[in-house]
Structure formats: C-alpha cells, structure tokens
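Q: Could you work out the structure for the sequence below:
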Amino acid sequence: MRVAAIQMISSPQPQENIAVAYRLMKEAKAQGAELVVLPEYWSTMGLRDTDKIACAEIQGAGPLQVFLAEKAKELGLWIIGGTIPLSSSDPRKIFNACLVFNSNGEQIIRYDKIHLFGFTNGAESYQESNTIQEGDAVQCFDSPFGKIGLGICYDLRFPELFRSMGACDLLVLPAAFTYTTGQAHWEILLRARAIENQCFVLASAQGGTHESGRQTWGHSMLIDPWGKIVSQLEQGEGVIVGELDVAQLAQIRTNLPALKHRRIAC
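A: Coordinates of the predicted model:
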C-alpha cells in the first residue's frame, strides 16, 4: 500500500493554502497513494500566533472541514488532515486538531494535540499554550493500512504517548518543527519512534521560510520499522510517496520480538 506525506510552506491566507494542498493531493494520487497526510498548520501560518484563532471552526462545520471531506471522496483517498484550528471553550485559545477522513469523505476520528511546544533561546521564542488548549485523549484507529497512531509535532518528544497506543503498524506525525530544533533532533526522534515501536512512521512537515519570517525544518519522510528512511523531501513544497511493506513489518517483529520482551511490571 502506498502512502504520501505532503510538505508545504503555508502562508497566512487559507485559500492559497487550500489550493496548494489540493494540487499536492492530486499529485500524490497520481503517484498511486491511497493515504495522504498534510502538515501541521497547513491551512494557515499567520504573521502572529493569535491569527489562527480567527480561522477557528466548530467541530463538524466550516470550509476547512468541508474541503477535507470533499477531496477525500473526490480523490478516493484517506486524508489525515494535518491540523486545523477548532474552537475551544476559551475564546482566547483553539484546539490544534488532526481530523481523519476515509475515502468516502467521512470523518472517522479527531485528535487534539496533547503536548504544547515551548522554546526560547533568545533569538527565538514560542509558547503554544498562549493560544492552544491542550488535548487529553490518545487516539489511534484501525484502517485498511493497519492500526494507525496519531501524534502532532512536539508529541514526537514523548515516547510514552506512542507506547500507550499498543502495537501500531503506522505512526503519523504532522509537524511544523522549527529549523533550530528540527536540525538537531527531527530525524533522530522519528527514527527512534520507528525502531522502538517496530512500525512505519510517516511525518509530514512545513519546510521553508514563511511570510512571518519563521523558518521550518521540513524533511518530511517515511521511515520503515528498522529505522531506515524510505523517502524524504528536505525543503520546499512537494510530495513523498512510499510503500508500507506489511511483510517486512511482520518479519522484523518475528526476528526481534522486542515488543513481547517488555517487562513493564518491573
């Protein structure tokens, strides 16, 4: 089965980003993908952190959700919709939500980002908790591609989140890693999650310099259960496509049954 990660350099204008996302979805479909993943904040990367609040939708209604549902059905794709802003009970904050649509255009699950990024080194400073309400539920689901676990960007640094999902076949991670932290840790952490969970990892990233001046790391990639990078796009917008080799996954878990060797009681 072929899966794809879409990499973008999203602007503050949702309609521009929708057009880019649609074009890249069609490109992924033309390359044989059956599942596509959009990056975090694909619909808008504002000039200010608060800009995304103005774009917030209520669950089940709004142009971003309509777009994802319609394109999933039109293209016959499973779409993991990166993240979009959904309203919370606090008018000053949104949920950074990942919605999954099947190839009939039906939303089957929602994951709200649990871990909120905070970073400062003098030149750069980010504090997601100022504008985002944290989620409180781990989410994974069964699909034609196997059991899929969902994480978002900063979640990558918390291996216990993914272990709590049980044995997944694929972990999916939409992200907008900063250039500084991405250069240092992105690939290492993604490969570690694949190796320790003996599963495929598909990461879809923002990858370039945005209108706000923020620079994101990119390097969207598909990693196999042995920790090998199957496909990667370093910078710029585009698509990576790769195979989920179910036989390879089964063979690795048979040869090295590490998941069965865990001794949590100790």
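Q: Which strand or helix spans the residue nearest to the spatial centre of the chain?
A: Geometric centre of the chain, nearest residue: residue 174, 1.6 Å, by C-alpha atoms, centre = their mean. Secondary structure from DSSP states H and E places residue 174 in strand 170-175.
Q: what distance separates the helix or strand following that strand from the centre of its chain?
A: Using DSSP H and E, the next helix or strand after strand 170-175 towards the C-terminus is helix 179-181. From the chain centre to the centre of helix 179-181 is a distance of 17 Å (C-alpha atoms, centre = their mean, to the nearest Å).
Q: next SSE after helix 179-181?
A: Assigned by DSSP H and E, the successor of helix 179-181 is helix 187-197.
Q: for that following helix, packing partners?
A: helix 159-163, strand 170-175, strand 200-205, strand 220-223 (3 or more C-beta pairs under 8 Å, 6 or more residues apart in numbering; DSSP states H and E). Where C-beta positions appear, they are placed from N, C-alpha and C, glycine not excepted.
Q: ok, back up a step: could I have the strand holding residue 174 exported to CSV, CA atoms only?
A: Only the C-alpha atoms of strand 170-175 are listed here, as CSV (Å, rounded to 0.1, in the frame of the first residue of the first chain):
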residue,chain,number,x,y,z
LEU,A,170,1.9,3.2,11.2
LEU,A,171,2.6,6.3,13.3
VAL,A,172,1.6,9.5,11.6
LEU,A,173,3.1,12.9,12.6
PRO,A,174,2.0,16.2,11.0
ALA,A,175,4.5,18.9,12.1
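Q: chain center to that strand, what's the gap?
A: Its chain's C-alpha centre and that of strand 170-175 lie 4 Å apart, by C-alpha atoms, centre = their mean.
Q: picking that back up, report the separation between the residue nearest to the centre of the chain and residue 256.
A: Distance of residue 174 to residue 256, given as C-beta to C-beta, to the nearest Å: 29 Å.
Q: Ok, residue 37 next?
A: 27 Å.
Q: Have a look at the two and say which one is more surrounded.
A: Between residue 37 and residue 256, counted using other C-beta atoms under 10 Å, the more crowded position is residue 37 (31 against 14).
Q: Touching, the more buried one and residue 201? I think so.
A: No: the criterion here is C-beta atoms under 8 Å, and residue 37 misses it with residue 201 at 11.0 Å.
Q: which neighbours do the two share?
A: The contact sets of residue 37 and residue 201 overlap at residue 172 (C-beta atoms under 8 Å, 6 or more residues apart in numbering).
Q: Show me what the helix or strand of the chain with the lowest mean pLDDT is packed against.
A: Least confident helix or strand, the chain: strand 125-127 with a mean of 82, by mean pLDDT, DSSP states H and E. With contacts defined as 3+ C-beta pairs under 8 Å, 6+ apart, strand 125-127 has these neighbours: strand 118-120.
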